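> What follows is a protein structure lacking sequence information:
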């Protein structure tokens, strides 16, 4: 027993003096946080790019509706205009939901506080509110688009609040006054 213990101690003393593999330990410890940081930065950049493009598409569509080049506008026409302006959104026509409501200028409490997004399990669900405005009406347009994270189990992709399963929502809102004719 004492002989086995002496052999074990001699082997441990010999390993203690070795420096082979010490860089591997540092690499293993630091690699994971750097990869999570890199993956989160990529996910954040893609999310922000998609949101900026959604905002751009909505702004261009709202301008066309506001000045009256498309009257009366339908839900599908507005979705098409938004998707044409927001070129980077994949499967745009099936992943966005548009709602447009008339707002009383003296009572803004009738504007819904949450966005209505596509239900992935029931994509044919009707739009909750889409109404055309007339001259001098204040209109609020809200677009909700769903995206799957690129890395759903790591970093930022894991932390994003989810809607409708594995998807996160990007919401863009715009308000405008219909130009008089």
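Yep, it's here. Because the structure is a prediction, the values reported are computed rather than measured.
> For residue 132, which three-state class applies?
For residue 132, the assignment made with DSSP: H, G, I helix; E, B strand; the rest coil gives coil.
> Output the below-cut-off pLDDT ranges for the protein.
Low-confidence segments of the chain, defined by pLDDT under 70: 15-19, 21-22, 119-128, 162, 164, 181.
> For it, just list every one of the strands.
96-103, 138-147, 168-177 (DSSP state E).
> Could you single out the most deeply buried of these?
Compared across the strands of the chain, strand 138-147 shows the largest average neighbour count, a mean of 22 (mean count of other C-beta atoms under 10 Å). Just so you know, the C-beta spots here come from the backbone N, C-alpha and C atoms, and that holds for glycine as well.
> burial measure for residue 38, as a count.
11 (other C-beta atoms under 10 Å).
> Centre of the chain to the longest helix along the chain, how far?
The longest helix of the chain (DSSP state H) is helix 22-66. Helix 22-66 sits 10 Å away from the centroid of its parent chain (C-alpha atoms, centre = their mean, to the nearest Å).
> What angle do strand 168-177 and that helix make with each other?
Relative orientation of helix 22-66 and strand 168-177, computed by axes from the mean of the first three to the mean of the last three C-alpha atoms, to 10 degrees: 30 degrees.
> Next, the angle strand 138-147 makes with helix 22-66.
Angle, helix 22-66 to strand 138-147, by the same axes, to 10 degrees: 150 degrees.
> What helices and strands are in contact with helix 22-66?
Packing contacts for helix 22-66, counted by 3 or more C-beta pairs under 8 Å, 6 or more residues apart in numbering; DSSP states H and E, involve helix 75-85, strand 138-147, helix 155-159, strand 168-177.
> any chance of those in JSON lines, plus distance to residue 13?
Converted to JSON lines, those look like this (distance: least, C-beta to C-beta, whole Å):
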{"stretch": "helix 75-85", "distance to residue 13": "70"}
{"stretch": "strand 138-147", "distance to residue 13": "57"}
{"stretch": "helix 155-159", "distance to residue 13": "42"}
{"stretch": "strand 168-177", "distance to residue 13": "55"}
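> who wins for proximity to residue 69 among these?
helix 75-85 (9.9 Å; C-beta to C-beta).
> Quick check: the nearest residue to residue 49 once chain neighbours are set aside vs residue 173, distance?
Leaving aside its sequence neighbours, residue 49 sits nearest to residue 88 (C-beta to C-beta, 6 or more residues apart in numbering; 6.4 Å). Using C-beta to C-beta, to the nearest Å, we find residue 88 at a distance of 19 Å from residue 173.
> what's the answer for residue 116, then?
Separation of residue 116 from residue 173 (C-beta to C-beta) stands at 12 Å.
> do the same with residue 35
Note on residue 35: its distance to residue 173, by C-beta to C-beta, is 35 Å.
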